[in-house]
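> 3D, please:
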Amino acid sequence: MKQRKKVVFKEYDKYQLMLPSDLEDLIPEHHIVKVLNEIIERMDIEFLKEKYPGGGRSSYHPEMMLKVLLYGYTQQIYSSRKLAKALRENVPFMWLSRNNRPDFRTLNRFRSSIMGLEELEEIFTELLDLLQEEGYIKLENYFVDGTKIEGNANKYTFVWKKSTKKYKAMLREKVKALLIKIEEENVKENDEYGDKDLEELGGEEGISSEKIKSKVEEIEKRLKDKRDDKKLKKALKVLKDDYLPRMEKYENQEKLCGDRNSYSKTDPDATFMRMKEDHMKNGQLKAGYNVQIGTENQFIVNYSIHQRAGDTSCFISHCEELKGKVGRLPENIIADAGYGSEENYDYLEKNNIGTYVKYNNFHLEQKKKFKEDRFRVENLYYDSNLDEYICPGLRRLTFIKECKKKTENGYNTTRRIYECKSCAGCSLKACCTKAAGNRKIQISFKLNEYKAKARSNLLSEIGVKLRGKRAIEPETVFGRLKWNWSFKRFLLRGLEKVKIEWGLLSIAHNIVKLATI
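Modelled structure (predicted):
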């Protein structure tokens, strides 16, 4: 029988003291936690210390709290409970905090209360200054893109502005009918109000919660003299217990909506939008925010959070925020077709910024099929002497009128409308228009000029390079944050707290990017 060899184990004594005594010896030299620690120590964060009122128990040092919070974001730990757990178990966290162990409530309070929006933006700006000093950011080519991030709100808590207006109008009709009925019960009041129309009674738009309150007070005074009037008491109960609370609710909903079309009951600042991550494949709307970022060398130079779903209307406010943070606008701005509008082109021209922003049919114009389509508005011949367009059927579209429009941001634009005098009997009408009558077209000469300049820039040698680079600039950053770091949903509620959360994420991204370089 073969003799078994002696088994030797490494020494293991759970009661033996261990070395090293300093946790730093367990962390590699170029570890991200050491880079982050060095960067934060180079910043001036006295403004955070001023947020503490003083007195009472000693507080955790804000520098340590900031480091822990940012390092947590670099490790995809966003929950304050998980951060508190890491401070007890994770070596880099323990070294960074010097074995301080704030609980999850303290961490959450620091993130949502001590770390205000102004403080966070100051930290972000200080990091940008550092990146500029090191030469990583020069504000030469600025790449803009946006994405939708789901808010911390339940799926089926939507309030639609259109529905609110509908229910409010229906309630006004009921209030109006009840008020007329109340007046008809009183002969003296009927002589005064009975023959008056809806507008004189207050009108549909005039019936508000304040008007109902005043009517309630008026009826209560009447009931002092008519205590046995059961009909009046019943009307008062309906007004006071049903109509008044509902009217106040609808008015509050309209106020919360503002210029939006919806909001969520669990996070009133979130707007219902279509997300790319549609697991049900049915176009389901979810409460969320439109996150806009601008990058250079894959560093986030600016970020902004918006409650509007469309990227077009967010562009100017995003650029103005950038100007406020770094003091100036970039030399060139590169963006996709979602930002190509007359308003945005006008802004870029007024600020002398190189325009490399696509418009909606830029790529379509490059195709042979588009160029050979004689019926497209872009390919119609324009007679500048007579201010007329000539269709392929050699019929003229003459100027009819100008149509003025105002964008969501208040920008005024003008469209010139041209119409063919008669398309009757034209053999090409079926190819030219689907309209039952004559063909109409809308033209903005100003927009066409901006498109021509943008097209020239985009097709130039520099433009081709910048277009190719755009796909690996903001797209790569969003890829890291949403997919690699699994940040697809905000943890905090409210626009200000959401901005703080995305700001922390942006700072963490920039530090990690700097560490890899």
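
> separation between residue 123 and residue 427?
Separation of residue 123 from residue 427 (Cβ to Cβ, to the nearest Å) stands at 69 Å. No exception for glycine: its C-beta is placed from N, CA and C like everyone else's.

> who has more neighbours out of the two?
Counted by other Cβ atoms under 10 Å, residue 123 and residue 427 do not tie: residue 123 has more neighbours, with 21 against 8.

> how far away from the center of its chain is stretch 448-458?
Relative to the chain's own centre, stretch 448-458 is displaced by 28 Å; criterion: Cα atoms, centre = their mean, to the nearest Å.

> tally of neighbours for residue 386?
By other Cβ under 10 Å, 11 other residues sit near residue 386.

> what's the helix or strand for it?
Using DSSP states H and E, residue 386 falls within no helix or strand.

> got the end-to-end distance for stretch 98-110?
Using Cα to Cα, to the nearest Å, one end of stretch 98-110 lies 18 Å from the other.

> pull out the buried residues from it.
Neighbour-count burial for stretch 98-110, counted by 16 or more other Cβ atoms under 10 Å, picks out 102, 106, 107, 108, 110.

> among those residues, which two are most distant?
The largest separation in those, counting by Cβ to Cβ, is between 102 and 108 at 9.7 Å.

> contacting residues for the closest residue in space to residue 162 that isn't next to it in sequence?
Closest residue to residue 162 apart from its sequence neighbours, by Cβ to Cβ, 6 or more residues apart in numbering: residue 261 at 6.9 Å. Applying Cβ atoms under 8 Å, 6 or more residues apart in numbering, we find residue 261 in contact with 160, 161, 162, 271.

> before we move on, what about residue 239?
Per Cβ under 8 Å, 6+ apart, neighbours of residue 239: 175, 178, 212, 215, 216, 219.

> tell me which of these fall in helices.
175, 178, 212, 215, 216, 219 (DSSP state H).

> checking the residue nearest to the last one when sequence neighbours are not counted next. Helix, strand or coil?
In this structure, residue 219 finds its nearest non-sequential neighbour in residue 236, 4.7 Å apart by Cβ to Cβ, 6+ apart. The three-state assignment at residue 236 reads helix, by DSSP: H, G, I helix; E, B strand; the rest coil.

> can you count the residues close to residue 236?
That count, for residue 236 with other Cβ under 10 Å as the rule, works out to 19.

> residues contacting it?
216, 219, 220, 223.

> from those, which would you call buried?
Applying 16+ other Cβ under 10 Å to the contacts of residue 236 flags 216, 219 as buried.

> ends of stretch 416-434, what's the gap?
20 Å.

> in it, what counts as buried?
Buried residues in stretch 416-434 (16+ other Cβ under 10 Å): 418, 419, 420, 423, 426, 429, 432, 433.

> give me phi/psi at residue 290?
As for residue 290, its main-chain torsions (degrees, to the nearest 10) stand at phi -90, psi 110.

> list the contacts of it.
Residue 290 sits in contact with 146, 147, 148, 273, 305, 306, 307, 308, 309, 310, 311, 314, where contact means Cβ under 8 Å, 6+ apart.

> let's see 7 Å
146, 148, 273, 306, 308, 309, 314 (Cβ atoms under 7 Å, 6 or more residues apart in numbering).

> do the same with residue 140
Per Cβ under 7 Å, 6+ apart, neighbours of residue 140: 330, 331, 332.

> if you set the cut-off to 6 Å instead, what comes out?
The contact partners of residue 140, by Cβ atoms under 6 Å, 6 or more residues apart in numbering, come to residue 331.

> distance of it relative to residue 297?
10 Å.

> got it, and residue 145?
Distance of residue 145 to residue 297, given as Cβ to Cβ: 15 Å.

> show me which of the two is the more surrounded one.
residue 145 (22 against 17).

> the more buried one: what secondary structure?
strand.

> go on, the one 10 residues further on?
Here residue 155 is coil, with the state taken from three-state DSSP.

> what's the answer for residue 113, then?
helix.

> next up, the contacts around it.
So residue 113 contacts nothing (Cβ under 6 Å, 6+ apart).

> local confidence estimate at it?
Among the per-residue scores, residue 113 holds a pLDDT of 84.

> tell me which helix or strand of the protein sits lowest on mean pLDDT?
Least confident helix or strand of the chain, by mean pLDDT, DSSP states H and E, is helix 187-193 with a mean of 48.

> and residue 442, what element?
In the assignment (DSSP H and E), residue 442 maps to strand 440-443.

> who does that strand touch, helix- and strand-wise?
strand 412-420 (3 or more Cβ pairs under 6 Å, 6 or more residues apart in numbering; DSSP states H and E).

> what does the strand it packs on rub up against?
So strand 412-420 is contacted by 342, 389, 395, 397, 399-406, 438-444 (Cβ under 6 Å, 6+ apart).

> swap in stretch 461-477?
Taking Cβ under 6 Å, 6+ apart as the rule, stretch 461-477 contacts 143, 145, 293, 295, 298, 334, 356, 457.

> first-to-last residue distance for that stretch?
25 Å.

> that one: how far from the chain's middle?
With Cα atoms, centre = their mean, you get 23 Å for stretch 461-477.

> do the same with stretch 325-332
Using Cα atoms, centre = their mean, the offset of stretch 325-332 from its chain centre is 21 Å.

> same deal with stretch 168-179?
With Cα atoms, centre = their mean, you get 36 Å for stretch 168-179.

> in it, what counts as buried?
Counting neighbours by 16+ other Cβ under 10 Å, the buried set in stretch 168-179 is 168, 171, 172, 175, 176, 178, 179.

> for these, could you give me CSV that also reports pLDDT and distance to residue 73?
As requested, those are exported to CSV (pLDDT from 0 to 100; distance: Cβ to Cβ, whole Å):
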residue, pLDDT, distance to residue 73
168, 86, 43
171, 87, 47
172, 86, 49
175, 86, 52
176, 83, 55
178, 83, 56
179, 80, 58
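
> and of those residues, the nearest to residue 511?
residue 168 (49.6 Å).

> so who does that closest one touch?
residue 250.

> now do the SS call for it.
helix.

> what is the neighbour count of residue 122?
17.

> and what of residue 125?
Residue 125: 14 neighbours (other Cβ under 10 Å).

> go ahead and confirm residue 285 touches residue 272.
Yes. Here residue 285 reaches residue 272: they are 4.1 Å apart, a contact under Cβ atoms under 6 Å.

> out of those two, which sits in the more crowded spot?
residue 272 (23 against 15).

> do a quick rundown of the helices in the stretch 151-300 of the chain.
Taking DSSP state H, counting those that start in this stretch, the helices of the stretch 151-300 of the chain run over residues 161-185, 187-193, 203-206, 209-225, 230-238, 244-257.

> my bad, the stretch 351-500 of the chain
Here the stretch 351-500 of the chain has its helices, by DSSP H, counting those that start in this stretch, at 362-365, 368-372, 429-432, 445-459, 461-470, 474-478, 495-516.

> the ones you listed: which one's closest to residue 320?
helix 495-516 (15.2 Å).
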